[in-house]
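Peer 1: When you get a sec, could you give me coordinates for this:
(3 chains)
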Amino acid sequence: MTAYLIRRALYALPLLLGVNVLTFVLFFVVNSPDDMARMHLGQKHVTQEAIDLWKHERGYDLPKLWNAGAEGTAKLTETIFFQKSVGLFLFRFGRSDSGRDIGADIAQRAWPSLAFAVPALIFGLLVHITLAVGLVFFRLTYLEFWGVALCVALLSISSLFYIIGGQYLMGKLLLLVPISGYDGGWNAVKFLILPVIISVVAGTGSGVRWYRTLFLEEVERDYVRTARAKGLSETRALFTHVLRNALIPILTGVVVILPSLFIGSLITESFFAIPGLGSYTIDAIAQQDFAIVRAMVFLGSALYILGLVLTDISYTLADPRVRLN
Amino acid sequence: MLTLFWTDALFLLLLAMLGGLIWHSRRHEHLRRPWRKVARSRSAMVSAVILLAYLFIAVLDSIHFLPPDGEGGVRYKTEPVSVLDWFLTPLRTRVEKTYSAPLAVQGYAKENLRLADGSSRWDYPRLEFGGAHLKDPARGWLRDVLRTGFKGAAGGLGLGVILCFGTVFLIARVRELPVSLVGGEVLSGQSEVPWRAILGTVVVLCIVGGVLGELALKYHVFGTDKVGEDVLYQALKSIRTGILIGTLTTFVTLPLSLLLGILAGYFRGWVDDLIQYLYTTLNSIPGVLLIAAVILLTQVYMAKHEEEFASLALRADLRLLFLCLILGITSWTGLCRLLRAETLKLREMEYVQAARALGVRQGTILLRHILPNVFHIVLISVALDFSSLVLAEAVLSYVNIGVDPTTDSWGNMINSARLEMAREPPVWWSLTAAFVFMFALVLAANLFADAVRDAFDPRRAD
Amino acid sequence: MSTGSNQLGLYLTLFAALGLAGCEGPLNSPYPAADAERNILYSSFSERPKHLDPARAYSSDESLILGQIYEPLLQYHYLKRPYVLEPATAEALPEIRYLDAGGRVLPPGTPDSAIAYSEYDFRLKRGIRFQPHPAFARGVGGEYLYHHLGPEQLARIQTLADFSETGTRELTAEDYAYQIKRLLHPALHSPIAELMKEHIVGFKALGDTLERDYFAAPKGQFFDLRRYALEGVQVPDPHRLVIRLNGKYPQFRFWLAMSFFAPMPWEADAFYAQPGLIEKNITLDWYPVGSGPYMLAENNPNRRMVLERNPYFHEDRYPAEGDPEDAPAGLLADAGRLLPLVDRVVMVLEKETIPYWNKFLQGYYDYSGIASDNFDQAVQVGSSGSPELTPEMLEKGIRLETSVAASDYYLGFNLRDPVVGGLDEAHCKLRQALSIAMDYEEFIAIFMNGRGVPAQGVLPPGIYGYREGEKGINPYVYDWVDGAPRRKSIETARRLLAEAGYPNGVDAVTGKPLVLYLDLSTHGADDKPLLAWYRKQLEKLGVQLVFRATDYNQFQQKMAAGNAQIYQWGWNADYPDPENFFFLLYGRNAKVPNGGENTSNYVSEEFDRLFERMRNLDDGPERLAVIDALQEKVRHDAPWIFGLHPKGFSLHHAWYGNLKPNLMANNKLKYLKIDARQRAARRAEWNRPVWWPLLAGLALLLAAVVPAYRSYRHRLRAAAL
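Peer 2: The predicted structure follows:
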């Protein structure tokens, strides 16, 4: 087990390196350091000296990939790429182009992201699985047909409509929740109700359909038929056999996305003014703060890879037939 | 004078390839069988009719030309228009001053009107075009709308019925049966292909088209936006953007995922490792950030090569193309993984083993034995991806990394509608129009994709 | 699905529980219920401020916060118009002396050319103290407690509030001198450092020294500016400050009312220079230290900023005199009261206009600007043509304030461009024709809901030299008809265009249509209507307009390289003086090659000569005549299509008092007052939750499930048989 984990961790290194190279190429081709400097120094009274100084302080005045002017290994290390990438591997994100410490900002903003993403995930699972079980329970009635039709309809609606509509209905017409905003501690609850409900509703179409397929597959299995033939009631068969066995793929599916919950939800966060990492990223894109974007890309990739490893592990825990080797 | 944009050309090329594919599969029984299964599904065929209608509009909107500039016809205007624009010229040119509600004859907001006698009054202004033919809108409006709508419906119905008869007649000719027999079969809904549902949809579409068309000649059916442009026109123009994003992406996904997926699965070893590394790396980068970077890159490229992109339309077009490409780059990995897994399975099959033992060249094996047998996966995946790509466009436009702001697209419409909902009374029509048009397309695409999956997925065959 | 409805039931109970928990206040209140009746002002900011260091901050968002915390020597009188400066921390307005090259004082009336230096002599009020701050905290032995933080001390610190001890000290002239030197600090990049190098004596020399020494100094340590002397800034005693400038620069007094010239205690700089704090984002750029009415109590730029009353704030009273109309308007009711009137100011980050506006209507913000999209709901144009509130707003007790901003929004021509540039008559006529075609009256009506005034020249109303009426119109674009300016007809524009060599928009020589390029930075879909409108305007002349839209960076770069043709630009006045507008066209400020603010690269000898004369004159008939000549020159040459001056509309609730729009002052919050009782009552009245649609939805769902359950039972029974 330990050996396996170490091997996976080592395997992650080249992946992260690849991510780093790719983002570096993209971002530094897009934007020359001069552009960044001008952006961050503001609009009025900016001179070339100020720009050069800004670049010098942030290490953007080095060559990009290869420093021909330096000696020995410094040819490689005295470059923007090397200087800006090594820190990332140690999760030291450095300072954003606007001068704030990125690590501190991420630590602060991860909590609101989680405060939204975790309830959204849990309630989503609960509601979607319940509804899917309901559909399977009522199969061959008109409820199944209309339920499935409703799911297809729901998943054909853009998530933006759910957000705009939900905000308009609950916040403006019914006056039940604050329209947007966030607060620390338990005060956050009233701000999170609406986004969580919307995210659950928006995910209903695809979620219910997906779980329903899983359950249906299981329902058709021989052991369920046997159980039913032996006189087990439909309800018992569904809840003791089908649900339990179908939970394995569901749970492993959840494990993959667990780490990425930290990254937050881009659209929901910025619509509801939740100061999490999603809106942090959106703002960074809008302000072209590439130090932040690069840090977020790296963090996102690292968490994704973590998710892959966790999935492997959870498979072994959930299904004794699978061995890690 | 015909001037095709890049996306036009690629889109038409894609359609030609699709046509070729259909022609090819017509002659192979094993390829026809699943399609026949699709054709038997009522929901799939209704969806197909709707999809074809959308596709038709998109094709019309993808043939651009320079209209002759008035007198003489020798000189051309510099901004190209599409065939659809040409058809919709009244909609395109009848621009009001600002917002107006659907079918309205008055503006959305009161303003200071200067009367003939020099005094001024604070009231709703009459629209310049919407309902301009009415002398007394207070009394004649409803009657006129109903009458016009009815006229359009009747025309549409007529056209629809003619089409139905024509189709029945054609079926009868092909199957060499008497027309009355075929007609009876279709009417009673007993034909193998659900012709009754198909023709019913056609009739409904014709009626809707007729009503919209008649009303649009006199009114703004979906109202006007902030600068008075007809919302119906924008929604129709957005069809092309949506369809293009959903289809052109395959130009990137298919070659990449087919080639890499099959190679990885077939050769295994270091090739497999390399390709897996490649797609895991790409997959682990959050897609939005990658798209943001590439869109910024296009902007820079265009800014540096200004003279080549003189017209706004050309820039918007290039941005659309790049968006399709980058969406393709972020979405090929899923299909690639599926193909790799399938190829791993296939290469152990007896007939592949046999071919290898007989010394058939690797390339031939890949082309003749592997490729045809993974094609159903490709088809299912493309069909399923289409709707999510159309939806993705809207979200990306919200983050301002979608299509060019000057391109008509549902995402852009929704994006600006966000602000309009806060007005009092809310300007709901842009949002509604985008919702209706987008919903119909995505729903149809989803239903059709489901049918395709059911028909082609061997696990679901029964 | 029966279980599904249980789920919904759960939500409902959750809602109900919350409703009970928060029964003192409305359900949708974004604030804690306990704060409902406190003397708190609620406002918002739309973008997180980039800098809160007074040497760096230059945007209006930032000065909204900084203006309340830092106190410069001078301030604008809150009520009097035109804007006048009054002393803030100074005892009186400065004594100004003019000196010759030898440093001898010159008698009044000496010609400008003889003036080598001017001296501003300030005396400071006594007894002013800084806000409580850990940087001042001292132990029993007088040593600073927190200037050398150890690792275990740092481990306990997350925000500034985690320091247990604070201290204060008296404000001295040395603090002002220190801040002026900070403008040169190589790591701070103060936006006005370059500008001040021209004016303050010895400023440039000190800048060079600092540049050299700073980079030679060890990193991560406090770089002490007290070791350096600045020739032009002297502190003869702790309460006296003398600033010496090169030549005559009357506009300098306006700079002295800005945060750039606020006092900065060296202790703060030393405290914040510790690397351990910088890692925690505790820097001077985020945690200001001032002597003003408020101090920053909570600093979370991702969510909200909270200003708390500074307990050590010096005696400062509400003004007792104002304009004649102020007393009837109730603006003098609080005359003589101690400032600030509000205990706490909560500023919430609000990026989107929709939630912002809705929260304002629900009573959760005390005042609001009006976005174009909310305008019709709030304001109608009355029978007299002036804006009035809609009945709906009046019913809520909302009030409206309007004022024309000291800003220009214009379309500039790049005069270096071969097509639209050039100062010969033909090119001037081309630009005049385009100026006529751009119908800004329509622009204001469509995009700004009438919230703007078409510009007749460079100067906006309210700035010295602006003229009302017939004398003030731009005769190349407008005619004076029936007592109002009327835009010249499009035929006039076509004729001018033909005279410029483009009859009907076609180049008379080559026969090709005239295609012009508009450069702008786009903000997304919202710009689309605007672009369509621009194009429509030039189509009236048969001229085609192509957009070169790029992101802001690229746009800036294009401007810097002089590659734009026509561009969209705006200018907000730094201070209420015509010099601050005309300098945008001064030849020596040309963007290419000087990198100045003259983005049109307009270089005219005659203009430059007039400008140089105007800027040193005191207000009076002579200056007015020169300004008129300048206006005539730019109107003829038309380096800009003058565009418009935006009109600020702001709405405030009935419980919000003492508001008078003041475009120059940035320390306005201390004058405002709030009636919190009334506010709490109104909020409760406006925000009664509506429950029935939820209950109805639930009932509907149940109704759908029951028959299915019945048919399920039926099937079971059938199977059992």
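Peer 1: residue furthest from the geometric center of chain B?
Peer 2: Centroid-distance maximum for chain B: B:Asp117 at 51.9 Å, with Cα atoms, centre = their mean.
Peer 1: That residue and B:Ala138: what is the separation?
Peer 2: Distance of B:Asp117 to B:Ala138, given as Cβ to Cβ, to the nearest Å: 21 Å. For every residue, glycine as well, the C-beta is placed using N, CA and C.
Peer 1: still on that earlier bit, element containing the residue farthest from the centre of chain B?
Peer 2: Using DSSP states H and E, B:Asp117 is not contained in any helix or strand.
Peer 1: how near is it to chain A?
Peer 2: 42 Å (Cβ to the nearest Cβ, to the nearest Å).
Peer 1: Check the gap between that residue and A:Asp34 for me.
Peer 2: 62 Å.
Peer 1: what's near enough to touch B:Leu236?
Peer 2: B:57, B:61, B:84, B:88, B:437 (Cβ atoms under 8 Å, 6 or more residues apart in numbering or on different chains).
Peer 1: Save the residues you listed as TSV, and put in pLDDT too.
Peer 2: Below are these laid out as TSV (pLDDT from 0 to 100):
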residue	pLDDT
B:Ile57	94
B:Asp61	92
B:Leu84	91
B:Leu88	88
B:Phe437	94
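Peer 1: Now render these as JSON lines, adding distance to chain C, neighbour count and secondary structure.
Peer 2: Listed next are these as JSON lines, based on distance: Cβ to the nearest Cβ, whole Å; neighbours: other Cβ atoms under 10 Å in any protein chain shown; DSSP: H, G, I helix; E, B strand; the rest coil:
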{"residue": "B:Ile57", "distance to chain C": "21", "neighbour count": "17", "secondary structure": "helix"}
{"residue": "B:Asp61", "distance to chain C": "18", "neighbour count": "26", "secondary structure": "coil"}
{"residue": "B:Leu84", "distance to chain C": "18", "neighbour count": "22", "secondary structure": "helix"}
{"residue": "B:Leu88", "distance to chain C": "16", "neighbour count": "21", "secondary structure": "coil"}
{"residue": "B:Phe437", "distance to chain C": "17", "neighbour count": "21", "secondary structure": "helix"}
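Peer 1: Where does pLDDT dip in chain A?
Peer 2: Scanning chain A for pLDDT under 70 picks out the ranges A:1, A:29-31, A:35-36, A:38-47, A:49, A:318-325.
Peer 1: most centrally placed residue in it?
Peer 2: Compute the mean C-alpha point of chain A, and by Cα atoms, centre = their mean the closest residue is A:Ser260, 3.7 Å away.
Peer 1: show me the contacts for it.
Peer 2: A:Ser260 neighbours (Cβ under 8 Å, 6+ apart): A:300, A:303-304, A:307.
Peer 1: Among the residues you listed, which one sits closest to C:Gly511?
Peer 2: Using Cβ to Cβ, the shortest approach to C:Gly511 within the contacts of A:Ser260 belongs to A:Gly300, at 56.6 Å.
Peer 1: Would you map out the domains in the chain?
Peer 2: You didn't pick a chain, so chain A it is. Chain A breaks down by automatic domain parsing into domains covering A:2-89, A:111-318.
Peer 1: Switch to chain B, please.
Peer 2: According to automatic domain parsing, the domains of chain B span B:97-233, B:238-460.
Peer 1: how about these, which one is nearest C:Leu145?
Peer 2: domain B:238-460 (44.4 Å).
Peer 1: Show me how far that closest one is from its chain's centre.
Peer 2: 14 Å (Cα atoms, centre = their mean, to the nearest Å).
Peer 1: ditto for stretch B:14-21
Peer 2: That offset, for stretch B:14-21, works out to 16 Å (Cα atoms, centre = their mean).
Peer 1: what residues does that stretch touch?
Peer 2: The contact list for stretch B:14-21 (Cβ under 8 Å, 6+ apart) reads B:59, B:247-248, B:250-251.
Peer 1: Which single one of the residues you listed is nearest to chain C?
Peer 2: Chain C lies nearest to B:Leu248 out of the contacts of stretch B:14-21, by Cβ to the nearest Cβ, at 21.1 Å.
Peer 1: For chain B, what's its nearest residue on the stretch 151-300 of chain C.
Peer 2: For the stretch 151-300 of chain C, Cβ to the nearest Cβ, closest residue to chain B: C:Asn281, 23.4 Å.
Peer 1: count of residues packed around that residue?
Peer 2: Burial measure for C:Asn281: 22 neighbouring residues, criterion other Cβ atoms under 10 Å in any protein chain shown.
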